[in-house]
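1. generate a structure from the sequence data that follows.
(one chain, ligands or ions: 1)
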Amino acid sequence: MSQIEVSRMKPPLVPLATLIGRELRSEKVEKPFVKYGQAALAKKGEDYFLIKPDCQRIPGNPSTSFSVFAIFDGHNGISAAIFAKENLLANVLSAIPQGSSREEWLQALPRALVAGFVKTDIEFQQKGETSGTTVTFVVIDGWTVTVASVGDSRCILDSQGGEVSLLTVDHRLDDNAEERERVTASGGEVGRLNVFGGNEVGPLRCWPGGLCLSRSIGDTDVGEFIVPIPHVKQVKLSSAGGRLIIASDGIWDALSSDMAAKSCRGLPAELAAKLVVKEALRSRGLKDDTTCLVVDIIPSDHPVLPPTTPRKKQNVLTSLLFGKKTQNSVNKAKLSAVGVVEELFEEGSAMLAERLGKDFPLDTNSGIFRCAICQVDQPPADGLSVNSGPFFSPASKPWEGPFLCTTCRKKKDAMEGKGPSRPTVIS
Ligand SMILES: [Zn+2]
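-> Purely as a prediction, here's the structure:
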């Protein structure tokens, strides 16, 4: 948060704090309370989820705690969803330099998420199985929320103040022209199913494989142009907090972000998750696996007040929390201050060179290179043969990223349509 915003926000927080409670007034709220609920209805049984409210940046130190919530919507089988659920978190954490301060840790997280997603995909590929999965992976540390996603399981943020925003991007070929171009450029074909004497039906799919998504973990058999590189967004909530709704497309095919947020406002997370699933079912029936996680990041331990108007005393508070219009212009100013969500980071490129940065993680003491994706150490002699970056071989096409081992370098080339079966096109 910039200095200007802080100084502008501080004065209105004092009267507001009297309404919301002791925690806000004292401004000692270093960590919010995280309350969550989950609900699901299975049709195919391919949705999986992960709830880990008790992770620690420094093992054994509770003051470094953070929480992780994720949804994995599998297709063509369940093995990719299960594999990602069991391995992704560890792979992400292994890509964050040890001994990082909290701030460094949060800054390193978007890049570590990219490395962890790609590493998990490579490991799953090596098992030789054919299923795939969407992943929407949410890390909450204090008021900072980081979301990484491939596929079409969305995460929305309902910030206190009533503004609903999308923290993910749908990697659906039908909705995403940029992804259609990328898939085509890296060797896939995009089109609809041809049936009934040449008539095209259904959503846009990529061929071979016929998948409607352009990014996922798994889908080895579909093609390397289906990449596991996540869209990553990092935001910082105001100390008024907010609610996350993370759900598979069974919810989002039935409900808009606004509808989902409104259907459960004011209810505790556990009940809210059930209500969102019920609402989706009511409007569309059970057509797909439907999984919903609701996560409240709130300044006080008390459950959120319902958006009703039971007693006069609660009216001002309720309208502030739930964004109802008030007559008083002073209150409106407070409302906008409460609703501030600061965007810290957003990047969705499918090019690893743009996602991994340009640092060269060479351990100067040992002279050993560490692969930026799988974190395997290699002596520089091996690195020389695989990295055609300017550092090693000025004549060839520069790879402006950090060191990659042979396996990860191959994966990178394959994702960009430069696999061994295709001639390398250098522009
Ligand atoms: Zn590697």
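2. mind listing what's buried in stretch 114-134?
-> Residues 114-125, 129, 131-134 are the ones in stretch 114-134 that count as buried (16 or more other Cβ atoms under 10 Å). No exception for glycine: its C-beta is placed from N, CA and C like everyone else's.
3. ugh, wrong one, stretch 266-280
-> So for stretch 266-280, counting by 16+ other Cβ under 10 Å, buried means 266-270, 272-280.
4. how about those residues in TSV, adding pLDDT?
-> Formatted as TSV, those follow (pLDDT from 0 to 100):
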residue	pLDDT
Gly266	93
Leu267	96
Pro268	96
Ala269	97
Glu270	96
Ala272	98
Ala273	98
Lys274	98
Leu275	97
Val276	97
Val277	97
Lys278	96
Glu279	96
Ala280	95
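5. among the residues you listed, name the ones in helices.
-> Ala269, Glu270, Ala272, Ala273, Lys274, Leu275, Val276, Val277, Lys278, Glu279, Ala280 (DSSP state H).
6. so the last one versus Gly151, what's the distance?
-> So that's Ala280. 18 Å (Cβ to Cβ, to the nearest Å).
7. mean confidence score for the top helix by length along the chain?
-> In the chain, with assignment by DSSP H, the single longest helix is helix 102-125. For helix 102-125, the mean pLDDT works out to 97.
8. and that helix, C-alpha only, in PDB?
-> The C-alpha trace of helix 102-125 is given here as PDB (Å, rounded to 0.1, in the frame of the first residue of the first chain):
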ATOM      1  CA  ARG A 102       7.900 -12.900   5.000                       C
ATOM      2  CA  GLU A 103       8.100 -10.100   2.500                       C
ATOM      3  CA  GLU A 104      10.600 -12.000   0.300                       C
ATOM      4  CA  TRP A 105       8.600 -15.100   0.600                       C
ATOM      5  CA  LEU A 106       5.400 -13.400  -0.700                       C
ATOM      6  CA  GLN A 107       7.400 -11.800  -3.500                       C
ATOM      7  CA  ALA A 108       8.900 -15.100  -4.500                       C
ATOM      8  CA  LEU A 109       5.600 -16.900  -4.400                       C
ATOM      9  CA  PRO A 110       4.200 -16.000  -7.900                       C
ATOM     10  CA  ARG A 111       7.400 -17.400  -9.500                       C
ATOM     11  CA  ALA A 112       7.400 -20.400  -7.200                       C
ATOM     12  CA  LEU A 113       3.800 -21.200  -8.200                       C
ATOM     13  CA  VAL A 114       4.900 -21.300 -11.900                       C
ATOM     14  CA  ALA A 115       7.800 -23.600 -11.100                       C
ATOM     15  CA  GLY A 116       5.700 -25.800  -8.800                       C
ATOM     16  CA  PHE A 117       2.900 -26.200 -11.400                       C
ATOM     17  CA  VAL A 118       5.400 -27.100 -14.200                       C
ATOM     18  CA  LYS A 119       7.300 -29.500 -12.000                       C
ATOM     19  CA  THR A 120       4.100 -31.300 -10.900                       C
ATOM     20  CA  ASP A 121       3.100 -31.600 -14.600                       C
ATOM     21  CA  ILE A 122       6.500 -33.000 -15.600                       C
ATOM     22  CA  GLU A 123       6.400 -35.500 -12.700                       C
ATOM     23  CA  PHE A 124       2.900 -36.600 -13.600                       C
ATOM     24  CA  GLN A 125       3.900 -36.900 -17.300                       C
END
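9. and the next helix or strand past it?
-> As assigned by DSSP states H and E, the chain's next helix or strand after helix 102-125 is strand 132-133.
10. just checking: what are the partner strands of that next one?
-> When pairs are called by DSSP bridges, strand 132-133 turns out to pair with strand 65-75 (antiparallel), strand 217-218 (antiparallel).
11. wondering if the longest helix of the chain reaches the ion at all.
-> No: using Cβ under 5 Å from the ion, helix 102-125 never reaches the ion; the gap is at least 7.4 Å.
12. what packs against that helix?
-> helix 79-93, strand 135-141, strand 144-150, strand 217-218, strand 231-237, strand 341-347, helix 352-355, helix 406-415 (3 or more Cβ pairs under 8 Å, 6 or more residues apart in numbering; DSSP states H and E).
13. got the ones you listed as a markdown table, with mean neighbour count and mean pLDDT columns?
-> Compiled in a markdown table, the helices and strands packed on helix 102-125 are given as follows (neighbours: other Cβ atoms under 10 Å; pLDDT from 0 to 100):
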| stretch | mean neighbour count | mean pLDDT |
| --- | --- | --- |
| helix 79-93 | 21 | 98 |
| strand 135-141 | 25 | 98 |
| strand 144-150 | 26 | 98 |
| strand 217-218 | 31 | 98 |
| strand 231-237 | 22 | 97 |
| strand 341-347 | 15 | 95 |
| helix 352-355 | 19 | 91 |
| helix 406-415 | 20 | 94 |
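14. looking at the ones you listed, which is closest to Ala254?
-> strand 135-141 (17.1 Å; Cβ to Cβ).
15. quick one: list the elements packing against that closest one.
-> On a contact count with 3+ Cβ pairs under 8 Å, 6+ apart, strand 135-141 meets strand 65-75, helix 79-93, helix 102-125, strand 144-150, strand 154-159, strand 242-247, strand 290-298.
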